[in-house]
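J.: Below is the sequence, then the predicted model.
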Amino acid sequence: MILSKSVIAPSDAQRSRWNHDDFRRQKAVVKQFTERQQSTPYLIGPPNAGGFSVLKNIEYEDRLPLNATVARLSSFESLRLLPVVRNALYGRALRQLDEKRPSAIQALAIQKMMRLPPPTNLHKMKVKLKSYLLAAETGSGKTLAYLLPLFSMLKEEELQNAPAVWHLPERPYIRSIILVPTAELVQQVLVQVKDMCHDIKLASAGLSQESTRGVADGIRKKQIDILVATPVPLLKLIHRTSWNILEDCRKIVVDEADSLMDRSFKDETQEILDTPPRLETLVFCSATIPKTFDRTLAQKYPDMERIIAPHLHQIPRRITFSTVDTAAKPFFNDKRKALAETLYNLDRSDTDPGKVKRIVIFVNHRESVSGIVEYLNGLKIFTVGLTRDNSLEERSSLMREFIRPTPLLKDAKDLNLVTGSVKTLRVLVTTDIFSRGIDMQSVRTIILYDVPFSSIDLIHRAGRTGRMGRRGRVILLATKSELRPWLRGLATTINKGYALV
Ligand SMILES: Nc1ncnc2c1ncn2[C@@H]1O[C@H](COP(=O)(O)OP(=O)(O)OP(=O)(O)O)[C@@H](O)[C@H]1O
């Protein structure tokens, strides 16, 4: 999974188990790694470290030139965006910020995606598919990185009266699609799209497994510029419509693309991508590039342009990572006790004085959620659980409370906080349904109750805090059996800014 000298240095017991060749090979990797570490600020480890390597390794040399480009593009004015889109960005998406600057992935994505096509090319009826991969660390503003070019392209086509627009029929149509994996993300992205499109004047709609049949069928009767959808309901709609409902769709964004292109979703996603007869722009967006995803993209879209932010696969330095050894005294492998003690410490800590402290606990299996919720509530720590078993309505209302700005403690009564011994905490126990894409700006602490299955899960779970320049902390609880050698060095590895593999 990871990659530092400390992580892969063998213990005496291991040393005796390994044969001589293995050990020499391992030593060579450490040496190579250490040399690179001394000469580069991006500490990328050997891909075989820990014997668990799922992410594509992005070489330092490939990251370096990007920094110079990002530095040059330090304002939205220096990027080719339509004024109506820039105004909606300033007046709506970033209205609360005094200084409005693009993040690295936004600068790179807008620069590369808005470069083409020149206006004259738009008069050709058949346009070659242009595909992109946008990859950047969690909380780095990837949503706007694909929305801003999408809005600009759609609007530009209207203003130039391009074939994509004058060819549009009187009947209903869908001009572009944003595919996301969950109903929560449909809601989150749609809110942002609708907010900005109020000014930009583009029509949008949402479709997920939670949409009623009436809502789904209603989509067939509308003229939609941007449809935000999950794959399965969209596919069902395509199948039960007698004409090709994606006849006029020329742009598709696949958000959380590594998950939408993995085994569980791949067939549905690919069928959707293959349905529009005149697809021009295809954007895959992700915070992680697993090797399998990388291979799929290379095979299916060999001409794809890869736009990769310099800090991909690193957990941002503003997030402090620590490990609690639950095998040690005084927990003696009692993980729940270690969790309670960790929460008591957070309650007493002086971070966010006078404010409610929001904490998210991730577990690997949804069956574990209710037990932990019961246990913590028994200790008068206000805790709620959130799994797929909750209705979308319940999930949305719980989510809203964790997403909106942190309330002051004096207002906490309004939030129905229990009057227990632990007054400052509001805890959410959940699984990976909440780990991807959800923008929890006011969550400062993430507790990993279980060791994540892979570096992919680790990056997404940890990424719910420390978003867009904010500080955060991640605490991993590990029992004796889970404390494998690479795990002991994980905190050092992450806090030094190593990219995970
Ligand atoms: N240029 C910017 N300046 C300041 N804040 C921004 C900027 N762009 C986006 N944001 C804010 O940063 C937060 C994170 O953005 P977003 O949800 O798009 O991140 P992400 O990269 O998609 O994360 P994840 O990988 O977890 O899905 C959002 O609240 C968004 O409004």
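T.: In hand now; what should we look at?
J.: Let me see the contact set for residue 236.
T.: residue 216 (CB atoms under 8 Å, 6 or more residues apart in numbering). All C-beta spots, glycine's among them, are computed from the backbone N, C-alpha and C.
J.: That one: helix or strand, and which one exactly?
T.: Using DSSP states H and E, residue 236 falls within helix 231-239.
J.: The next helix or strand after that helix packs against which elements?
T.: Later in the chain than helix 231-239, the nearest helix or strand by DSSP H and E is strand 251-254. If you count contacts as 3 or more CB pairs under 8 Å, 6 or more residues apart in numbering; DSSP states H and E, strand 251-254 packs onto helix 142-159, strand 173-179, helix 266-274, strand 281-286.
J.: between the ones you listed, which one is nearest to the ligand?
T.: helix 142-159 (3.3 Å; CB to the nearest ligand atom).
J.: quick one: the closest one near the ligand?
T.: Yes. Legend: contact between helix 142-159 and the ligand by CB under 6 Å from any ligand atom is shown at 142, 143, 144.
J.: who wins for most neighbours among these?
T.: residue 142 (24 neighbours; other CB atoms under 10 Å).
J.: May I see the buried residues of the helix holding residue 236?
T.: Neighbour-count burial for helix 231-239, counted by 16 or more other CB atoms under 10 Å, picks out 231, 233, 234, 235, 237.
J.: ditto for stretch 90-99
T.: 93, 94.
J.: For that stretch, measure first residue to last.
T.: End-to-end distance for stretch 90-99: 10 Å, by CA to CA, to the nearest Å.
J.: Now that stretch: average pLDDT?
T.: Taken as a whole, stretch 90-99 has a mean pLDDT of 93.
J.: Now do the same contact list for the residue nearest the centre of the chain.
T.: In the chain, the centroid-proximal residue (CA atoms, centre = their mean) is residue 437; its distance is 4.0 Å. Neighbour list for residue 437: 180, 181, 182, 184, 185, 188, 255, 256 [criterion: CB under 8 Å, 6+ apart].
J.: which of the residues you listed tops the neighbour count?
T.: residue 180 (29 neighbours).
J.: so what pLDDT did the closest residue to that one other than its chain neighbours get?
T.: Excluding the flanking residues, the one nearest residue 180 by CB to CB, 6 or more residues apart in numbering is residue 255, at 4.8 Å. Residue 255 is assigned a pLDDT of 98 by the prediction.
J.: repeat for residue 49
T.: Looking at residue 49, its pLDDT reads 43.
J.: what do you get for the one 10 residues further on?
T.: Per-residue confidence for residue 59 comes out at a pLDDT of 81.
J.: how close does it sit to the ligand?
T.: Distance, residue 59 to the ligand, by CB to the nearest ligand atom, to the nearest Å: 22 Å.
J.: right, and out of the buried residues of helix 231-239, which lies closest to residue 288?
T.: Closest approach between those and residue 288, by CB to CB: residue 231, at 18.9 Å.
J.: got a list of what the closest one touches?
T.: 179, 181, 260, 265, 268, 269, 272.
J.: picking that back up, so which of the buried residues of helix 231-239 would you say is closest to the ligand?
T.: Nearest to the ligand among the buried residues of helix 231-239, with distances taken as CB to the nearest ligand atom, is residue 231, at 17.5 Å.
J.: Skip the chain neighbours and tell me the closest residue to the closest one.
T.: For residue 231, ignoring the flanking residues on the chain, the nearest one in space by CB to CB, 6+ apart is residue 268 at 4.1 Å.
J.: Can you get me a residue count around that neighbour?
T.: Using other CB under 10 Å: residue 268 sits among 18 other residues.
J.: That one contacts residue 238, correct?
T.: No. Contact criterion CB atoms under 8 Å: residue 268 and residue 238 do not qualify, at 10.2 Å.
J.: This protein - how does it break down into domains?
T.: Following automatic domain parsing, one gets these domains for the chain: 66-308, 319-495.
J.: weakest of the ones you listed by average pLDDT?
T.: Among the domains of the chain, domain 319-495 has the lowest mean pLDDT, at a mean of 87.
J.: Briefly note if it comes near the ligand.
T.: Yes. Using CB under 6 Å from any ligand atom, domain 319-495 comes into contact with the ligand via 437, 439, 441, 463, 467, 468.
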